[in-house]
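Student: take a look and give me a structure for this.
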Amino acid sequence: MPGKYELKKAKDGQFHFSLVATNGQIILASEMYKTKRSALNGIASVQKNSATDKRYDRRESKNGKPYFVLKAGNHQIIGQSEMYETAKAMENGIKSVQKNGPTTKVNDISGA
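Tutor: Residues are numbered from 1 along each chain as shown. Next up is the predicted model:
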């Protein structure tokens, strides 16, 4: 069973989404969007781009922890991972996004 997207509304009225793996772990978090339609377009972009390895930018935080961002074809960041303890754990996170990203299941808990 694939993961799902959770679409939420922030206190300031903006929208964001998370890609959640089957184990309930958030594996990718989006930026904030002004409209629900824009957030849904962001989900569509993850669905389209998540299977392509070259769309992942592997990075290291200031404290040395590895993480990744997923970019669209226009090089805009569409999601970011958590911080990982090891590069191997980060690569496993990428594999999880590649596996779960194409899912069409969206749990809209935005109330909008």
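
Student: can I assume A44 sits in a helix?
Tutor: Yes - judged by DSSP: H, G, I helix; E, B strand; the rest coil, A44 forms part of a helix.

Student: contacts only, for it.
Tutor: By C-beta atoms under 8 Å, 6 or more residues apart in numbering, the contact list for A44 is empty. In short, each C-beta sits where N, CA and C put it, glycine included.

Student: repeat the analysis, applying 10 Å as the threshold.
Tutor: I78, T104, V106 (C-beta atoms under 10 Å, 6 or more residues apart in numbering).

Student: C-alpha coordinates for the host helix or strand of the first one, PDB please?
Tutor: Using DSSP states H and E, I78 sits within strand 77-80. As requested, the backbone C-alpha atoms of strand 77-80 are provided in PDB (Å, rounded to 0.1, in the frame of the first residue of the first chain):
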ATOM      1  CA  ILE A  77      12.100  23.300  -4.500                       C
ATOM      2  CA  ILE A  78       8.800  21.500  -4.000                       C
ATOM      3  CA  GLY A  79       9.700  19.600  -0.800                       C
ATOM      4  CA  GLN A  80      12.300  19.000   1.800                       C
END
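
Student: give the buried subset of the contacts of A44 as a ChimeraX selection command.
Tutor: Of these, the buried ones go into a single ChimeraX selection, burial set by 16 or more other C-beta atoms under 10 Å:
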select :78,106
